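S.K.: Need coordinates for the below:
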Amino acid sequence: MKRLLALFFLFIHLLVNTEIREFVKLDAFISHYYEHCETDKQLTVLEFINIHYFGSNQIDKDYEKDMELPFKAHDCSSHSPLPSLISLSSFKLLSPFQFSGKELFYYHQTTIPLSCLIEIWHPPKSC
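M.R.: Residues are numbered from 1 along each chain as shown. The predicted structure follows:
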């Protein structure tokens, strides 16, 4: 029972928060394909996909039905509001660092003075 309930909640989550909800529109895809087949008997599924997804998105007599096809229109109602809260104007583009060509001098000490180490490694003191 727990497994079935977990799968149910996973399905609901995927349906609401991902683009998997577009597969619910497959019946609109099939019925619109058959409508096109009535006017053009030689139309294949690949040609139908090419017309509706890769062709020009011109407004014609069946434009509203075209927009009901899966993955055709974007519904942003289920997206997280976080990106809209972040303003892009608050970010500044910095110019890249340019090396002046001068040689940088780094102080390199191979040994640490013993007096520094003695101050660090004391046992805890009781109050």
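S.K.: how far away is residue 2 from residue 8?
M.R.: Distance of residue 2 to residue 8, given as CB to CB, to the nearest Å: 11 Å. All C-beta spots, glycine's among them, are computed from the backbone N, C-alpha and C.
S.K.: Among those two, which residue is more densely surrounded?
M.R.: Neighbour totals were compared for residue 2 and residue 8, and residue 8 leads with 10 against 6 (other CB atoms under 10 Å).
S.K.: Now stretch 49-60: average pLDDT?
M.R.: Stretch 49-60 carries an average pLDDT of 83.
S.K.: what's the span of it, first residue to last?
M.R.: 16 Å (CA to CA, to the nearest Å).
S.K.: what comes up buried for it?
M.R.: residue 52 (16 or more other CB atoms under 10 Å).
S.K.: next one: stretch 7-18
M.R.: Buried, per 16+ other CB under 10 Å, within stretch 7-18: nothing.
S.K.: Can you dump the C-alpha atoms of that stretch in PDB for me?
M.R.: Provided in PDB are the C-alpha atoms of stretch 7-18 (Å, rounded to 0.1, in the frame of the first residue of the first chain):
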ATOM      1  CA  LEU A   7       4.000   6.000  -6.900                       C
ATOM      2  CA  PHE A   8       0.700   7.900  -6.900                       C
ATOM      3  CA  PHE A   9       2.400  11.000  -5.300                       C
ATOM      4  CA  LEU A  10       5.400  10.600  -7.700                       C
ATOM      5  CA  PHE A  11       3.100  10.600 -10.700                       C
ATOM      6  CA  ILE A  12       1.200  13.700  -9.400                       C
ATOM      7  CA  HIS A  13       4.500  15.500  -8.800                       C
ATOM      8  CA  LEU A  14       5.800  14.700 -12.300                       C
ATOM      9  CA  LEU A  15       2.500  15.600 -13.900                       C
ATOM     10  CA  VAL A  16       2.300  19.000 -12.200                       C
ATOM     11  CA  ASN A  17       6.000  20.000 -12.100                       C
ATOM     12  CA  THR A  18       7.500  18.700 -15.300                       C
END
